[in-house]
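just need the structure, nothing else, for what follows:
(chains A and B)
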There are 2 protein chains.
Amino acid sequence: MTQNTITADWIAVDWGTSNLRVWAMASSGTVLAEATSDQGMSQLSRDGFEPALLALAGDWIDGPTTVIACGMVGSRQGWVEAPYATVPCATLPAGLVQAPTHHPDLRVHVIPGIKQTNPADVMRGEETQISGFLARNPGWDGVICLPGTHTKWVHISADEVISFQTFMTGELFDTISKQTVLRHSIAADGWDEAAFAEGLDMGLSRPERLAARLFSLRAQGLLNNLSGAAARAQLSGLLIGTELAASKPYWLGQHIAVIGDSSLAKRYVDALATQAAPATQVNASVITLAGLTAAYKRLKG
Amino acid sequence: MTQNTITADWIAVDWGTSNLRVWAMASSGTVLAEATSDQGMSQLSRDGFEPALLALAGDWIDGPTTVIACGMVGSRQGWVEAPYATVPCATLPAGLVQAPTHHPDLRVHVIPGIKQTNPADVMRGEETQISGFLARNPGWDGVICLPGTHTKWVHISADEVISFQTFMTGELFDTISKQTVLRHSIAADGWDEAAFAEGLDMGLSRPERLAARLFSLRAQGLLNNLSGAAARAQLSGLLIGTELAASKPYWLGQHIAVIGDSSLAKRYVDALATQAAPATQVNASVITLAGLTAAYKRLKG
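Below is the predicted model of the structure:
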């Protein structure tokens, strides 16, 4: 048997719907190792979480070890339900919830999500990214945009989440381009900046016309030979433009940070720039780890 | 072998993406028999159309027989491509296109669809329903709404199609309720009038917020135990309300006819009524047959 080459002082975990990501941490804050797998919440029954974690991080454990986890792991279908905090609330909600374990040295703490009553809304995982961003930018006030399957706009003031709003933009893009009649008109990849800009402008100026513009993409393919790449970019522009029209009360005249390093996040930054709304783009995994570290420090401090 | 009990003077055919419907007609206009199958365009290769038609209507043929067909049968993937007429144009476009046949007595004529260049849009089949409606309501001016997978709004004046606009509302309802995270929140059936009215009002008053309201349906399920039937009705209301907000330049202050006898068509009529826009609801298959009959008469006259 080989010796453990790495022993973690504590373990940071970002556990989403589709993926599991873990970091072996030194108490100094240094990352000793990291690993990922596709054992997201949607793949696992309640009994499957501990084995999935140990499969990635088991070798890092030597003696009692604290694990701090965020994301869908704390949902009703997760390892343990961590009840939502309610806005307005601290970006890092109090009340870590301990998950049941069999391994004698494992102490797993799950960060609660945040909910809003009216309009009804929820987040799990983003609260940790937000607190990581604020840990690195103390005293920052403004609006944070977290692009993704379910893009979130979050109003931050005095280190609290004041309100937030989720848009299903990413999931709509995916579903519309793959599951509707537009699948015949939209390429799986490729891009066209001019088509994106055109869609963005249409979405921003006439957001109510979305369902009509969608069919027009199909008709442009039939009548004008609109390319699959141009249709894809125009659809993305339409959806993001419509979202920016609706989220304007959030971002207008505010400091804006976009969390994410994907090409999608870059598109939000570019789109906001066309509206004279400059946004700072921030690396997501650095920020997530900073948030998990803040939660660990508070637990230990 | 049994004798043919019915011989058609001509045969009327409504051939859509999913279904095939045929009527054995007397030259007087009387319907002698009808039949349907699931052999829609999407099921068939080019060689499959004639056998699919003969499977339903072959027994009605005794001597040279004219067939008048409308719908996706005339698309690029259909039996024969019937090029689009361009708006503004007669509701029943000139230029029936003959489909290639093997049966010696079969004469198949396909009705062309209608296209619009800007905004790009197309219809196939609806033009026949519209001409049927006008055959029964001579001189009618106004706006015709044809609810369905791809709902169409059509501006009619002096027996011409002036312009039209397609909304992917029906397909969005289907895709969003079955293929996104909302599938966990939306029941397969059931209804809630109050939830429909609430969604309709939100869609009409803030149509740009669609993607946010969608996620809110999910959050209301998690936080407020919104029922699956209420979520379904609210989604329908949201999508129809958003469509009515965008199609207002069409329907405001106009005579309105809604073609269709489905519960969906009834919802459009009810929704328009809340906006002080009374609409006449018309049976779809009667109107389709009237349009096919008008095309037959013109061919023979």
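
could you use CA atoms for every contact and neighbour count after this?
Will do.

buried stuff in the top helix by length along chain A?
In terms of residue count, the longest helix belonging to chain A (DSSP state H) is helix A:228-251. Neighbour-count burial for helix A:228-251 flags A:228-247, A:250-251 (criterion: 16 or more other Cα atoms under 10 Å in any protein chain shown).

now swap in stretch A:190-198 and tell me
By neighbour count on 16+ other Cα under 10 Å, the buried set for stretch A:190-198 is A:Trp191, A:Ala195, A:Phe196, A:Ala197, A:Glu198.

one more: stretch A:26-46?
A:Ala26, A:Ala33, A:Thr36, A:Gln39, A:Gly40, A:Met41, A:Leu44.

any idea which helix or strand carries the second one?
Secondary structure here is read from DSSP states H and E; on that basis A:Ala33 sits in strand A:31-37.

could you export that strand as PDB, CA atoms only?
Extracted as PDB, the C-alpha positions of strand A:31-37 are listed here (Å, rounded to 0.1, in the frame of the first residue of the first chain):
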ATOM      1  CA  VAL A  31      -4.600  24.400  -2.200                       C
ATOM      2  CA  LEU A  32      -2.700  21.100  -1.800                       C
ATOM      3  CA  ALA A  33      -4.600  19.200  -4.500                       C
ATOM      4  CA  GLU A  34      -7.900  19.200  -6.300                       C
ATOM      5  CA  ALA A  35     -10.100  16.600  -8.100                       C
ATOM      6  CA  THR A  36     -13.400  16.500 -10.000                       C
ATOM      7  CA  SER A  37     -16.000  13.900 -11.000                       C
END
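
show the subsequent helix or strand relative to it.
Remark: after strand A:31-37, the chain's next helix or strand is helix A:49-57, criterion DSSP H and E.

the helix or strand following that following helix packs against which elements?
For helix A:49-57, the following helix or strand on the C-terminal side (DSSP H and E) is strand A:65-71. Strand A:65-71 sits against strand A:10-15, strand A:106-110, helix A:284-300, with contacts defined as 3 or more Cα pairs under 8 Å, 6 or more residues apart in numbering or on different chains; DSSP states H and E.

pick the most buried one from those.
For those, the largest average neighbour count (mean count of other Cα atoms under 10 Å in any protein chain shown) is found in strand A:10-15, namely a mean of 26.

contacts for that one?
When contacts are defined by Cα atoms under 8 Å, 6 or more residues apart in numbering or on different chains, strand A:10-15 is touched by residues A:20-27, A:40-41, A:57, A:65-73, A:125, A:288-289, A:292-293.

that one vs strand A:31-37, what angle?
30 degrees (axes from the mean of the first three to the mean of the last three Cα atoms, to 10 degrees).

strand A:10-15: how far from the chain's middle?
Offset of strand A:10-15 from its chain centre (Cα atoms, centre = their mean, to the nearest Å): 16 Å.

tell me where the model's unsure across chain A.
Along chain A, segments meeting pLDDT under 70 span A:1-4.

return the residues of it in contact with chain B.
Contact residues (Cα under 8 Å from any Cα of the partner chain) of chain A with chain B: A:117, A:119-122, A:150, A:165-169, A:171-172, A:175-176, A:179-180, A:207-209, A:211-217, A:219-220, A:223, A:242-243, A:245-246.

rerun that using 6 Å as the cut-off
Remark: the part of chain A in contact with chain B comprises A:120-121, A:166-168, A:207-209, A:211-212, A:215-216, A:219-220, A:246, using Cα under 6 Å from any Cα of the partner chain.

just flag the most distant two among the residues you listed.
In the residues of chain A next to chain B, two members sit farther apart than any others by Cα to Cα. They are A:Ala120 and A:Gln220, at 37.3 Å.

residue of the stretch 51-200 of chain A with the smallest distance to chain B?
Among residues of the stretch 51-200 of chain A, the one nearest chain B by Cα to the nearest Cα turns out to be A:Phe167. It sits 4.2 Å away.

related to what we said a few turns ago, relative to chain B, which of the buried residues of stretch A:26-46 is nearest.
Nearest to chain B out of the buried residues of stretch A:26-46 is A:Met41 (Cα to the nearest Cα; 14.0 Å).

that closest one against A:Leu20, yeah?
No: A:Met41 is beyond contact range of A:Leu20, at 8.2 Å (criterion: Cα atoms under 6 Å).

which ones are touching A:Cys145?
A:Lys152, A:Trp153, A:Val258 (Cα atoms under 6 Å, 6 or more residues apart in numbering or on different chains).

residues near the second one, how many?
Taking other Cα atoms under 10 Å in any protein chain shown as the neighbour definition, A:Trp153 ends up with a count of 21.

distance of it relative to A:Gln165?
As judged by Cα to Cα, to the nearest Å, A:Trp153 and A:Gln165 stand 5 Å apart.

swap in the last one?
Spatial separation of A:Val258 from A:Gln165 under the definition Cα to Cα is 14 Å.

who are the contact partners of the closest residue to A:Ala26 other than its chain neighbours?
Of all residues not flanking A:Ala26 in the chain, A:Asp9 sits nearest, at 5.0 Å (Cα to Cα, 6 or more residues apart in numbering or on different chains). Residues near A:Asp9 by Cα under 6 Å, 6+ apart: A:Met25, A:Ala26, A:Ser27.

can you give me the buried ones in the host helix or strand of A:Gln220?
For A:Gln220, the host element (DSSP H and E) is helix A:210-224. Using 16+ other Cα under 10 Å as the test for burial, helix A:210-224 gives A:210-223.

got a markdown table for the residues you listed, with distance to A:Leu299 too?
Shown next, in a markdown table, are these (distance: Cα to Cα, whole Å):
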| residue | distance to A:Leu299 |
| --- | --- |
| A:Leu210 | 47 |
| A:Ala211 | 48 |
| A:Ala212 | 52 |
| A:Arg213 | 51 |
| A:Leu214 | 49 |
| A:Phe215 | 53 |
| A:Ser216 | 54 |
| A:Leu217 | 52 |
| A:Arg218 | 54 |
| A:Ala219 | 57 |
| A:Gln220 | 57 |
| A:Gly221 | 57 |
| A:Leu222 | 60 |
| A:Leu223 | 62 |
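
domain ranges for chain A?
Domains of chain A are assigned by automatic domain parsing as A:10-124, A:167-282.

how long is the first one end to end?
Right, domain A:10-124. End-to-end distance for domain A:10-124, by Cα to Cα: 21 Å.

got it, and the longest one?
Domain A:167-282 has its terminal residues 20 Å apart, counting by Cα to Cα.

who's in contact with the residue lying closest to A:Gly132 once chain neighbours are set aside?
Nearest non-adjacent residue to A:Gly132, counting by Cα to Cα, 6+ apart: A:Gly291, 3.5 Å away. Each residue near A:Gly291 by Cα under 6 Å, 6+ apart is listed here: A:Thr128, A:Gln129, A:Ser131, A:Gly132.

ok but A:Lys178 is inside a helix, no?
Yes: assigned with DSSP: H, G, I helix; E, B strand; the rest coil, A:Lys178 falls within a helix.

burial count for it?
Applying other Cα under 10 Å, we find 16 residues neighbouring A:Lys178.

equivalent analysis for A:Thr5, please.
Quick note: A:Thr5 (other Cα under 10 Å) scores 7 neighbours.

would you mind measuring from it to A:Asp62?
As defined by Cα to Cα, A:Thr5 lies at a distance of 11 Å from A:Asp62.

do A:Leu182 as well
Using Cα to Cα, A:Leu182 is found at 54 Å from A:Asp62.

also A:Glu198?
For A:Glu198, the distance to A:Asp62 equals 57 Å [Cα to Cα].

now A:Asp9
Applying Cα to Cα, the value for A:Asp9 to A:Asp62 is 9 Å.

same question for A:Ala158.
As judged by Cα to Cα, A:Ala158 and A:Asp62 stand 40 Å apart.

ditto for A:Glu50
The gap separating A:Glu50 from A:Asp62 is 16 Å, by Cα to Cα.

looking at these two, which is more packed in?
When A:Glu50 and A:Asp62 are compared for neighbours, A:Glu50 comes out ahead with 18 against 14, by other Cα under 10 Å.
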